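Chemist: Requesting a structural model of the entry that follows:
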Amino acid sequence: MVVHLDRSQEFRVRVSLNILAWAHAQNTVDKAKRIDCYPDPNPSQAGCLQRGCNFDGSDWDPTMGNPTCFFPPNTGYIAEDSINSNVITLKKSPSSVSNLFGQDFQELVFHVDEIGSGLHITIVPKNQTRYRPLITINPSPMIQSSDKLNIIKNNDTIFSFIIQRQSSGERIWDTSIGGLLYADKFLQIAAYLASDRIYGFGEHVHTSIKEVTLGPAPHLVYRTIGGQLEFFFFPGPTPEEVIQQFQQVIGTPFLPAYWALGFHNASFVEWPRYDMVPQNVQTQYPLANGTKIMLGSMWPDFNVAWPDFLDPTGQTAKWWSNEFALFRQTVAIDGMWIDMNEPAVFGTGFYTENSTSKDPRIKSPKNLHLMCPDVGPDSEYDSPPYLTKSGYGSGKLASSSLCMCADTARNTQKFYNTRSLYGYSEMAATSYALKNAIGKRGAIISSLHFSVSLKGGTVARPVLFEFPNNPTTYDLSMQFMWGPAMMIIPVTSANATSVNGYLPIDAIWYSAYDYFYGSPMENGFTDFQAPTNYLIPVFVRGGYILPRQRPSVTTTLSRQNEMQLLIALDTKNTAKGELYWDDGETVVDTLATYNYHHFEFNFYAQTSSASLNITMTKQATNLPLQSLDNIEIFGYPYNPNLKSATLNGQPIAINTVMSSYSPFTKMLNITTTNFLNLNKGGPTWILSWNNQ
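Modeler: You can find the predicted model right below:
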């Protein structure tokens, strides 16, 4: 049947549709709480209504992030079982909008586990096997925290769950906003959040490409084009504690190497000599001819192949390790920079044939069979029903990468499932190769790295991690903390000779660069001098002790220099710190049997005297330490009598000519050659002196 409408009738119908859709939307979903039903390009009213969603084009404000096409509030699943169980079967709600990009799984299984104070939640299709990353994690850690997370489940109109803090009842995750969809290549879940501030989204180890959209409720919409929905919730309550709890699942960071503290050459500046690099690499691997190896264009001439680092048999990792060993027989390397492991490709499906150009980005469309398929059964991987925002922007998922239909994991998985795991898998194989070929750690060592490797946490961290109760720190993105004790405010503007930075009012800060070195600084926002002949602005937080060494041209020479302590006093005239010291390169398998020194430092000063307590908690064998020859104290409020100094109750001589104290800057410097030998005595050294 064909119905013809004249323009006036068509206008009346359109107006009626607009009014009906607008009225229905206003009565059901608040503008701030809408979930986009048209995340793909070119949304239209007709297309929106055809999807069964609501449309409201009135008073649209793009700055709010509220979509004009949005899901009805009953979109999702309902529970078939008692919601009091930890395992619940969910059934697609008969009144729910259908999945936009594929057929919904009709039944899901919701599973929640308590992991100490945290929660682990999975949502998977019933009687279906979904791909899950082949990575080593601890799925059931016993999270310890001063707070605890509880779950509340609801099945009034659609199934939803709330994660809330036991201490305050604050809801940190609430899926009652609706919008749960679950098809093979389009999964979506949405939740109200406790705050409109969210941090940490970046590159993640996940089976498939995903995207996260924030809304003004505040809420979050999480979409992925494969895999399964699995979430860990950590109580913190501080951001740094969240990271430590997260690392109980994925493992703590590797302990890197001392030599990486030295000067680094960038490969884009120090180009290799081409007369020493073989150009006939294509003939060195004849077994590649006639195979179905995925090829593409990268830095070398001709084609580049990508090893299957996801090989579950371990054969690829062994081959990679052997390649490292062969290479090291020619070049005595200490480490290896692995680049472009997204993996990146300059020209997907293209390569440079017999090129003499040193720029492999010049491509010619030879071997068309290497191009990603646009039609046929494999095209669904490069052109799935939903491309994600990134895919729509670049045209294809394979843009600047490998074809999604490539086989990985010994032909058991498509690259569509494993792309985001490639760099991780290459890193793991390279770490294995370095360990076998060199037997050394691959990259900065300090006491901070030791603590993070042992206990978890961050090395470089946002300022808000240390000051979570100070709202001013929430928007600081151009400065950062190095551990809890150092604030770094880099100059990021061209030709600038000053930089504006913020020193939180919750602490005392001392300058550790050329500008008023050692002096206490004003809290709050300040324009700091930063001419090109200065160090960048660096500040030390009161209450901390930082071990240091005088730098030399190489880190090998730096290790031979005397030890130093920088002590920054807090309002109580106290400070603490630690020192970890090993050979700087041996791979650490377990700290229980590893050979290293560990010292704890505690300093306090009062009107009459001051004392530095050094305690050795772990002693290494055949690993001598350099003497502690310099102690620098910021914020020392008394006039010290260094001639009264004692070590463990016995008089000790301090070189008063090399040492100094300024009552104006309140900076005390104790310098004496071969002052404290931490290789002898112990396990406790107490350095004390009186004040005048």
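Chemist: pretty sure N669 contacts Y661?
Modeler: Yes. Here N669 lies in contact with Y661, judged by C-beta atoms under 8 Å, at a distance of 7.4 Å. All C-beta atoms are positioned from the backbone trio N, CA, C, and that covers glycine.
Chemist: the more surrounded of these two?
Modeler: Between N669 and Y661, Y661 has the larger neighbour count (other C-beta atoms under 10 Å), namely 18 against 15.
Chemist: out of everything not next to it in sequence, what's closest to that one?
Modeler: Take Y661 and drop its neighbours on the chain: the residue closest to it by C-beta to C-beta, 6 or more residues apart in numbering is L668, 4.8 Å away.
Chemist: Repeat that for Y604.
Modeler: Excluding its sequence neighbours, the residue lying closest to Y604 (C-beta to C-beta, 6+ apart) is T574, at 4.6 Å.
Chemist: How much space separates the one you found from N669?
Modeler: Separation of T574 from N669 (C-beta to C-beta, to the nearest Å) stands at 19 Å.
Chemist: what does N42 give?
Modeler: N42 sits 68 Å away from N669 when distances are taken as C-beta to C-beta.
Chemist: helix or strand for S453, which one?
Modeler: Remark: S453 resides in helix 447-455, with elements defined by DSSP states H and E.
Chemist: For that helix, which residues meet the burial criterion?
Modeler: If you call a residue buried by 16 or more other C-beta atoms under 10 Å, then helix 447-455 has these buried ones: 447-453.
Chemist: same thing with stretch 588-598?
Modeler: Residues 588, 596-598 are the ones in stretch 588-598 that count as buried (16+ other C-beta under 10 Å).
Chemist: what is the mean pLDDT for that stretch?
Modeler: Per-residue confidence for stretch 588-598 averages out to 83 on the pLDDT scale.
Chemist: Make JSON lines from the buried residues of helix 447-455 and add distance to Q564 to it.
Modeler: Rendered in JSON lines, the data for the buried residues of helix 447-455 read as follows (distance: C-beta to C-beta, whole Å):
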{"residue": "S447", "distance to Q564": "13"}
{"residue": "L448", "distance to Q564": "16"}
{"residue": "H449", "distance to Q564": "18"}
{"residue": "F450", "distance to Q564": "18"}
{"residue": "S451", "distance to Q564": "19"}
{"residue": "V452", "distance to Q564": "22"}
{"residue": "S453", "distance to Q564": "23"}
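Chemist: Just flag the most distant two among the residues you listed.
Modeler: Checking the buried residues of helix 447-455 against each other with C-beta to C-beta, the farthest-apart pair comes out as S447 and S453, at 10.7 Å.
Chemist: ok, what's across the strand from D104?
Modeler: Following DSSP bridges, D104 is listed with bridge partners A183.
Chemist: so how far is stretch 612-623 from its chain's centroid?
Modeler: Between the centre of stretch 612-623 and the centre of its host chain there is 33 Å, according to C-alpha atoms, centre = their mean, to the nearest Å.
Chemist: surely the residue nearest to Y661 meets I633?
Modeler: Yes. In terms of C-beta under 8 Å, L668 counts as a neighbour of I633; the distance is 4.2 Å.
Chemist: what sits against G65?
Modeler: The neighbourhood of G65, defined by C-beta atoms under 8 Å, 6 or more residues apart in numbering, consists of 213-216.
Chemist: wait, G47
Modeler: With C-beta under 8 Å, 6+ apart as the criterion, the residues that contact G47 are 38, 69.
Chemist: Check which helix or strand it maps to.
Modeler: Under DSSP H and E, the secondary-structure element containing G47 is helix 45-50.
Chemist: Would you reformat the buried residues of stretch 588-598 as TSV and include distance to Y544 and secondary structure?
Modeler: Converted to TSV, these look like this (distance: C-beta to C-beta, whole Å; DSSP: H, G, I helix; E, B strand; the rest coil):
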residue	distance to Y544	secondary structure
V588	25	coil
Y596	21	coil
H597	20	strand
H598	17	strand
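Chemist: of all the residues you listed, which two lie farthest apart?
Modeler: Comparing all pairs in the buried residues of stretch 588-598 by C-beta to C-beta, the longest separation belongs to V588 and H597, at 13.7 Å.
Chemist: Now for the two: what residues contact both?
Modeler: If you check V588 and H597 against C-beta under 8 Å, 6+ apart, the residues they both contact are D582.
Chemist: domain ranges for the protein?
Modeler: The chain breaks down into these domains under automatic domain parsing: 7-70, 77-241, 261-437, 457-541, 542-691.
Chemist: Select, out of the ones you listed, the one closest to T252.
Modeler: Go through the domains of the chain one by one with C-beta to C-beta and the one that ends up closest to T252 is domain 457-541, at 8.2 Å.
Chemist: now that closest one: mean pLDDT?
Modeler: Model confidence over domain 457-541 averages 94 on the pLDDT scale.
Chemist: Nothing else from me, thank you.
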